[in-house]
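Participant: How does the following fold in three dimensions:
(chains A and B)
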Amino acid sequence: DAGITQSPRYKITETGRQVTLMCHQTWSHSYMFWYRQDLGHGLRLIYYSAAADITDKGEVPDGYVVSRSKTENFPLTLESATRSQTSVYFCASSESRTGGTYEQYFGPGTRLTVT
Amino acid sequence: GQQLNQSPQSMFIQEGEDVSMNCTSSSIFNTWLWYKQDPGEGPVLLIALYKAGELTSNGRLTAQFGITRKDSFLNISASIPSDVGIYFCAGQLRNTDKLIFGTGTRLQVFP
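Facilitator: Numbering: from 1, shown residues only, chains lettered A, B, ... in the order given. All right, here's what the predicted structure looks like:
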């Protein structure tokens, strides 16, 4: 009954460090998404995945890496964190339907601070 | 990147009042979604709309898919303090897997 979970919920890291944010969903949804939310910019898509081993860039992919070896997990890695990546990160998932995806369901978010 | 124009940006209303907000775009959408986000939490889906002209309710919330397919509206009747939060619209363009989000409407309700 967990739905979609993210870990950690809060993270402080230093510039240049590698950081991985985890996302796990129990609905067996085909699609998973990573967004960042910043004041003045709303929700911006970083990467998304249509199925295991299929990923694609969103609006702001630079500096991020994703993988999806299992349907239920979609980790997001910041290879070398920068201060501009300080943000709140949301993972979401959606079923696959004819013509595209429909409702996206969001996790609780990870608040990341890069010092 | 593309964003939907959502208005108003913020609203300060008294408990019991009705609320209206809308999203507009120059693009045509296949699906419109409305979300609410409470502080420190992720957006929660309120209503999903799939057909032009569709009117759908969820309790005191009613949303409409504009007949031009370029806009959507959300109404909240008889507001209560727990309606406080940020409301986002999101639209799915034809032949894409992605949602485009509005800039949000921040709602404050005073007793």
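Participant: And the residue of chain B closest to chain A?
Facilitator: B:G42 (3.6 Å; Cβ to the nearest Cβ). Just so you know, the C-beta spots here come from the backbone N, C-alpha and C atoms, and that holds for glycine as well.
Participant: and that residue, how far is that from B:D83?
Facilitator: 18 Å (Cβ to Cβ, to the nearest Å).
Participant: Chain neighbours aside, what residue packs nearest to B:I80?
Facilitator: Nearest residue to B:I80 in three dimensions, chain neighbours excluded: B:E15, at 6.2 Å (Cβ to Cβ, 6 or more residues apart in numbering or on different chains).
Participant: and that neighbour, what is it in contact with?
Facilitator: B:S79, B:I80, B:P81, B:V109, B:F110, B:P111 (Cβ atoms under 8 Å, 6 or more residues apart in numbering or on different chains).
Participant: Next: B:P111.
Facilitator: B:Q14, B:E15, B:P81.
Participant: could you redo the last one with a cut-off of 6 Å?
Facilitator: Going by Cβ atoms under 6 Å, 6 or more residues apart in numbering or on different chains, B:P111 touches B:E15.
Participant: where does chain B have low pLDDT?
Facilitator: B:1-3 (pLDDT under 70).
Participant: For it, which residues are neighbours of chain A?
Facilitator: Remark: the part of chain B in contact with chain A comprises B:G1, B:T31, B:E41, B:G42, B:P43, B:L45, B:A48, B:D97, B:K98, B:F101, B:T103, using Cβ under 6 Å from any Cβ of the partner chain.
Participant: Check the burial of the residue of chain A found nearest chain B by counting its neighbours.
Facilitator: Among the residues of chain A, A:F106 lies nearest to chain B; the distance is 3.6 Å by Cβ to the nearest Cβ. A:F106 sits with 22 neighbouring residues when counted by other Cβ atoms under 10 Å in any protein chain shown.
Participant: for A:M22, same thing?
Facilitator: 15.
Participant: Do I have it right that the residue of chain B closest to chain A meets A:C91?
Facilitator: No: applying Cβ atoms under 6 Å, one finds B:G42 not in contact with A:C91, separated by 8.4 Å.
Participant: Which neighbours do these two have in common?
Facilitator: With Cβ under 6 Å, 6+ apart as the test, B:G42 and A:C91 both reach A:G107.
Participant: Between the two, which has more neighbouring residues?
Facilitator: Neighbour count, other Cβ under 10 Å: between B:G42 and A:C91, A:C91 has more, with 29 against 20.
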